[in-house]
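Undergrad: Mind looking at a prediction? Sequence and model below.
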Amino acid sequence: MPGSSPSGMGGIYVTVTPENGISRRGVIGTAAAVAAVGWSAGSGTGWAAPRETGGTEGLHERMARAAALRWRRMPGDWKDGPFLSNGLLGVQVYRGATANSVKVMVSHSQVQDQRPQWRAPYGFSRLPIGHFDLTLAGEVTDVDWTLDLWDAELRGTVTTTRGSVRFSMLVHNARTALLISTRPSAGEEDAAWSFTWMSATSPRTKDKPADYTGNPDPTVGTAGDTGYVQQPLIAGGGWTTAWRERRVGSGRLLAAHIVYRFPEDLSGTTELAVAEVARTLSADPDDLVREHRAWWHRFYRRSLLSVPDKRIQDFYWIQLYKAACATRAGGPSMSEWGPWYPETGGSWTAVWWNLNVQIATWLIQGSNHLELDSVTSTFKDFEKNLPLSVPPEYRDGQTYALAHPSDWLLRPGAKTVGIPGTSTKTDNNGNLIWAMHNVWLSYRHTMDVSIVRDVLFPILVKAVNFYDHFLREGGDGMLHLPLTRSPEWADAEDCVYDLSLLRWGCATLLDCLRVLRTDHPRAARWREILQRLVAYPRDATGVMIGAGKPLTESHRHFSHMLWLYPLHELSWDRPADREIMRTTFDHWVKDRGLWAGYSYAVASSMASVMERSEEALDFLTFFTGGNVVNNAWMTPNTMYVEGGNLATESPLTAAQSVLDMAVQSHGGVVRVFPSVSRRWPDASVQGLRTQGAFLVDADRSGGRTRWVRVHSQAGAPLVLQHGIDGAIDVRDERGRRLRYRDTAAGRIEVPLRWGETAVVARRGTALDLGPRDVPAVGDSKPWGLPEFS
């Protein structure tokens, strides 16, 4: 049973101003007012309030602050509460167990079990840690909270029947520390924190091993005036949660750290956690917060996107915040829960590689946030664990696979991918190649050859080798695959999911050889596979699931359509490809009864690829509108529920849907505003990154593209679909004319060298090349719970 450690930690504070019909302008003003009531750090128990930057330089700040989530009523749990993180330490804030308490749930991406005798959902299961609880003198009557994205900080007030508690809270970006600064009013001077640990047992119930037992109860203690909970694992090692509160006058500052170590001795882990708390509290809070805010401010300034639907615009900025909370390059890969723990339980206790990681991390490249690329760093650091997913009889030293789920070190536990053509077949065969497509995207968006040399090529060679074990020549002289499983739908020979990934893998390996200017003994085989691999089975409904297996009912996974998106094997630019793309897509979207949230997001992106902009927006707005899809929906805080489980991938994928409306770059062409709805007359982007390592700024006004600016970071060939009507000028940033060649209507080729910039605009137009927050179309309300119940 959970137990409580000694209490004796601070409070929380603010004041509520009732407001009805909150407008966007009102929210911005209120957020600024909340920021202004911050306090000086002179006492060492608080930090200075933020001051908004003025002028054009402050545009990113104003847009990020405008996207703040707001709460005017108490959130109930993870589905509607504020969330904070730095890629490791996760925090969620919501209603406590009693009417006079507030709960701060803490969790950590690395805190997991270490028992490989079971599959990863149990053997390497993410484990609950516990929560801080603020117990107040009076019952909570009102809350007024703002999750300020720009500062990655939660600020606000809890008002009770006895008084109020004002607070600021953040998860420090560099220290991995939870900091909560509080000021109680008269009547709430005794508001106090306590910590409640949770049993270190997997919350998963599905397929539970008969011999599974939870980990032992922790040790609760103090080291001087620092409280701690020391949690051992049966396998050895474990973690310690340590905290201490500093009080000066009415000001209070709580600092907490979680330190996880395996298989080290747990006493040393506790010493380290206690020392980290002391180190954090010895620093000036203003210095700590200045360092924290500086990282986040640099993060947001890397790119900008503005659209007229401010609900969608705010959603997009929140997903950038969420992605940076959830993962970082060099850190753990993104699990289904991110760094957060769903107190109400959940089945997805590990890292899912059959779709979820891949689609959740698409937005990092286009939004110019490669500092979040944990996929590439994960495979670079933990390639050695990929043979663990290969069936023992195929572990020849030249074959890799990736079973799902795994832990963040790519270990699957007691699970391998199945063997095609046998009763052990699974839908895991394509996981690794699909993950390598994400790595390839990072290469293409940076043109960093080291990604190809050190990660993509060596792993992709062995991933393709897995399929090559099972290719067989048929009576038609073509190469065929035996029975495999199309993820989440059906078994089939010549499964299109596997064929498309194998075809992409072989083509990409040959491209890698050109990039690396080398050869490989298997190159001839890759060419042979490309020449002889059987074509995708088709019927009147388009591309089928596999041989003799048409799509006959709703299918959420889109696994039989990877060739369309994201692999872009066929191109809308080629008239010969359009019919099969259109027919297959239209058949898939006809029955949405079993769709998930990500189905709508991917359908939006596919529609954008086919220049069906109105449908693209309809799919996006249906999902982000909170509509229930089968057993799934997006929550008020932009999290995602599916069957009661917390998932992060679908909203993050929907952010990519927005990017696909604004800029695309597949097939060697940079396309600007390729699928913007006529309902969005204006749009502005700045710093969006494309394949070829180009940075794109552009402006759309009155339904027409005004100008496009492209900066080359690698000197790759630039083919630009600018979409500007009429005669154009192409100049560098000094106004000098640049050579270019028309290749199609609205499309040009510009020989840009490394570091050069091209500005394309309608001839004779005077330009202001700065980004802007475009005018709103329609009303919108903030995300969160901004209205009184």
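TA: Thanks, I have the structure now.
Undergrad: which residue packs closest to the residue nearest the centre of the chain, ignoring adjacent ones?
TA: Centroid-nearest residue in the chain: residue 323, 3.8 Å away (criterion: CA atoms, centre = their mean). Leaving out its chain neighbours, the residue that sits closest to residue 323 by CB to CB, 6 or more residues apart in numbering is residue 372, at 5.6 Å. Quick note: C-beta positions are derived from backbone N, CA and C, even for glycine.
Undergrad: go on, residue 426?
TA: residue 418 (3.5 Å).
Undergrad: for the one you found, helix, strand, or coil?
TA: Taken by DSSP: H, G, I helix; E, B strand; the rest coil, the conformation at residue 418 corresponds to coil.
Undergrad: Surely it touches residue 425?
TA: Yes - under the criterion of CB atoms under 8 Å, residue 418 makes contact with residue 425 at 4.3 Å.
Undergrad: so what sits against both of those two?
TA: In terms of CB atoms under 8 Å, 6 or more residues apart in numbering, residue 418 and residue 425 are both contacted by the residues residue 485.
Undergrad: List the neighbouring strands of the helix or strand where residue 222 lies plus their orientation.
TA: If you go by DSSP states H and E, residue 222 is part of strand 219-223. Sheet pairing of strand 219-223 (DSSP bridges) gives strand 226-232 (antiparallel).
Undergrad: Centre of the chain to whichever helix or strand comes after the partner strand, how far?
TA: Once the chain leaves strand 226-232, the next helix or strand it forms, by DSSP H and E, is strand 238-248. Put simply, strand 238-248 sits 29 Å off its chain's centre (CA atoms, centre = their mean, to the nearest Å).
Undergrad: what number of residues lie near the residue nearest to residue 771 when sequence neighbours are not counted?
TA: With CB to CB, 6+ apart as the criterion, residue 771 has its nearest non-adjacent residue at 3.8 Å, and that residue is residue 686. By the measure other CB atoms under 10 Å, the count of residues near residue 686 is 23.
Undergrad: My assumption is that residue 686 lies in a strand; please confirm.
TA: Yes - looking at residue 686 with three-state DSSP, it is inside a strand.
Undergrad: gap between it and residue 583?
TA: Distance, residue 686 to residue 583, using CB to CB, to the nearest Å: 38 Å.
Undergrad: swap in residue 305?
TA: In this view, residue 305 and residue 583 are 32 Å apart by CB to CB.
Undergrad: what does residue 525 give?
TA: When distance is defined by CB to CB, residue 525 is 33 Å away from residue 583.
Undergrad: before we move on, what about residue 785?
TA: As defined by CB to CB, residue 785 lies at a distance of 43 Å from residue 583.
Undergrad: same question, residue 738
TA: Residue 738 sits 41 Å away from residue 583, going by CB to CB.
Undergrad: now stretch 321-339: how far from the chain's centre is it?
TA: Mean-position distance between stretch 321-339 and its chain equals 7 Å (CA atoms, centre = their mean).
Undergrad: The residue of the chain positioned farthest from its centre: which element?
TA: Within the chain, the residue lying farthest from the chain centre (CA atoms, centre = their mean) is residue 475, at 45.4 Å. Using DSSP H and E, residue 475 falls within no helix or strand.
Undergrad: what pLDDT does it get?
TA: Note on residue 475: pLDDT of 96.
Undergrad: Flag the shaky bits of the chain, pLDDT-wise.
TA: Residues of the chain meeting the criterion pLDDT under 70: 1-42, 54-57, 789.
Undergrad: try it again with 90
TA: 1-43, 49-57, 344-346, 629-630, 644, 764-768, 788-789 (pLDDT under 90).
Undergrad: Let me see the domain layout of it.
TA: Split into domains by automatic domain parsing, the chain comes to 24-200+216-302, 310-668, 683-762.
Undergrad: can you put those in TSV and add distance to residue 777?
TA: Shown next, in TSV, are the domains of the chain (distance: least, CB to CB, whole Å):
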stretch	distance to residue 777
domain 24-200+216-302	12
domain 310-668	8
domain 683-762	11
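Undergrad: Would you mind saying which of these lies nearest residue 769?
TA: domain 683-762 (6.1 Å; CB to CB).
Undergrad: thinking again about what came up before, how many other residues sit next to the residue nearest to residue 426?
TA: 19.
Undergrad: same deal with residue 422?
TA: Based on other CB under 10 Å, the number of other residues close to residue 422 is 11.
Undergrad: and if you look at residue 612?
TA: Going by other CB under 10 Å, the residues that sit close to residue 612 add up to 18.
Undergrad: which non-adjacent residue is nearest it?
TA: Nearest to residue 612 is residue 675, by CB to CB, 6+ apart, at 7.3 Å.
Undergrad: Go ahead and confirm the one you found touches residue 616.
TA: Yes - in this structure, residue 675 is within contact of residue 616 by CB under 8 Å, at 5.3 Å.
Undergrad: list the residues that contact both of these two?
TA: Joint contacts of residue 675 and residue 616 (CB under 8 Å, 6+ apart) are 607-608, 660-661.
Undergrad: Which of these fall in helices?
TA: Among those, the members found in helices (DSSP state H) are 607-608, 660-661.
Undergrad: any idea where the strands of the stretch 601-750 of the chain begin and end?
TA: Assigned by DSSP state E, counting those that start in this stretch, the stretch 601-750 of the chain shows strands spanning 632-634, 640-642, 645-647, 663-664, 670-672, 683-690, 694-701, 704-712, 718-721, 728-731, 741-744, 747-750.
Undergrad: wait, which of those is closest to residue 564?
TA: Closest approach to residue 564 among the strands of the stretch 601-750 of the chain (CB to CB): strand 663-664, 13.3 Å.
Undergrad: Could you list the paired strands of that closest one along with their orientation?
TA: strand 670-672 (antiparallel).
Undergrad: Any buried residues in the strand holding residue 222, and which?
TA: Neighbour counts over strand 219-223 (16 or more other CB atoms under 10 Å) mark 219-221, 223 as buried.
Undergrad: for stretch 101-120, same thing?
TA: Within stretch 101-120, the residues that qualify as buried are 101-116, 118-120, counting by 16+ other CB under 10 Å.
Undergrad: Right, I'll call it a day here.
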